[in-house]
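J.: requesting a structural model of the entry that follows:
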Amino acid sequence: MPPPFPGTVWSNTTCPDGTNSDANAGTCDGHLRRQQVTGDHTGQNLSGVDWRLADIGPFASLTGANLSGVNLSGAFVVPPTSLSNANLSGANFTYAYLHQADFTGANLTGANLTGVTWVEVTCPDGTLSNTNGTSPQSCLGHL
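T.: Okay, the predicted model is just below:
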């Protein structure tokens, strides 16, 4: 079977799975799929994990997990996903899409929340991103 993008120059490209094309024999072929994170990770130490562009959920429990410094840039967090009481200090959520995620009691100190899309998210203070008075809806000011 031919590669999906014949003739494409992938020089020093970040592939959709977060790897670099130069480390993949100069191609993103075989590295185009997003990582899927599901299941029960309650209380686990996952600090520094690279979940760039990952699909978190459905049915992911990261309740009370240590996710300090985790990279969730461009990730899609879909319901039902619990991040309640998780340590997300220093996490990178740049341009993440958060849909009905539960962050009740989560620590987001120093997290990068640039460009995050918040859809009916339960904020760390227990308010909902769509009814807490922020416009556009977000958890900013409710961390």
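
J.: quick one: the strands in the protein?
T.: 36-40, 55-61, 76-77, 81-82, 97-99, 101-102, 117-119 (DSSP state E).

J.: which of those sits closest to Ser138?
T.: Among the strands of the chain, the nearest to Ser138 by Cβ to Cβ is strand 117-119 (4.5 Å). Bear in mind the C-beta positions are built from the backbone N, C-alpha and C, glycine included.

J.: ok, the nearest residue to Asp40 once chain neighbours are set aside - contacts?
T.: Leaving aside its sequence neighbours, Asp40 sits nearest to Ser61 (Cβ to Cβ, 6 or more residues apart in numbering; 4.8 Å). Taking Cβ atoms under 8 Å, 6 or more residues apart in numbering, we find Ser61 in contact with Gly39, Asp40, His41, Thr42, Thr81, Ser82.

J.: quick one, what contacts the fourth one?
T.: The reference is to Thr42. Contacts for Thr42 (Cβ under 8 Å, 6+ apart) come out as Ser61, Leu62, Thr63, Gly64, Ala65.

J.: good, wrapping up.
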